[in-house]
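1. give me the fold of what follows.
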Amino acid sequence: MIADGAGRAVAFRLAPGQAHELPHAVPLLDQLPGVPLWVVADRGYSSHGFRQHIRDVGAKPAVPTKRNEAPTRCPDWIYTNRNRVERLWARLKEWRAVATRYEKTAASFTGVLCLAAACDWIK
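-> Presented below is the predicted three-dimensional model:
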């Protein structure tokens, strides 16, 4: 999921249950209407290819390295904003259908997520 500076949902993609989300991050960034100033992600998205794609788009990456990688610059003052996505998920999971994933198909679950995100924007 991509959230804006106010912590509202901008774009999201569904990944299969046991699959890693990193392959979905590049197309998700390409869906954005403009160029973000910073792209903040957690350690799970740490890869040199993803950081390079962020730079190629014209943004600055704030993705900390894994413990087994050489350290790269990740400013703490911008990385602290990553919790906005976590708080967004907490608000969306107030919807019982999102938290328990009642919907069986990806299309219907995407509809529920869109509805929950739209209501979050309205608040």
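
2. ranges for the strands of the chain?
-> For the chain, the strands defined by DSSP state E occupy 2-3, 9-11, 38-40, 60-62.

3. give me the distance between residue 100 and residue 122.
-> Residue 100 sits 23 Å away from residue 122, going by C-beta to C-beta, to the nearest Å. C-beta: built from backbone N, CA, C; applies to glycine.

4. could you find the closest non-adjacent residue to residue 4?
-> In space, and not counting its chain neighbours, residue 4 is closest to residue 10: 5.2 Å by C-beta to C-beta, 6 or more residues apart in numbering.

5. okay, now that neighbour: neighbour count?
-> Residue 10 has 16 neighbours, counted by other C-beta atoms under 10 Å.

6. could I get the buried residue list for the helix or strand of the chain with the lowest mean pLDDT?
-> Lowest mean confidence among the helices and strands of the chain (mean pLDDT, DSSP states H and E): helix 76-79, at a mean of 79. Neighbour-count burial for helix 76-79, counted by 16 or more other C-beta atoms under 10 Å, picks out residue 79.
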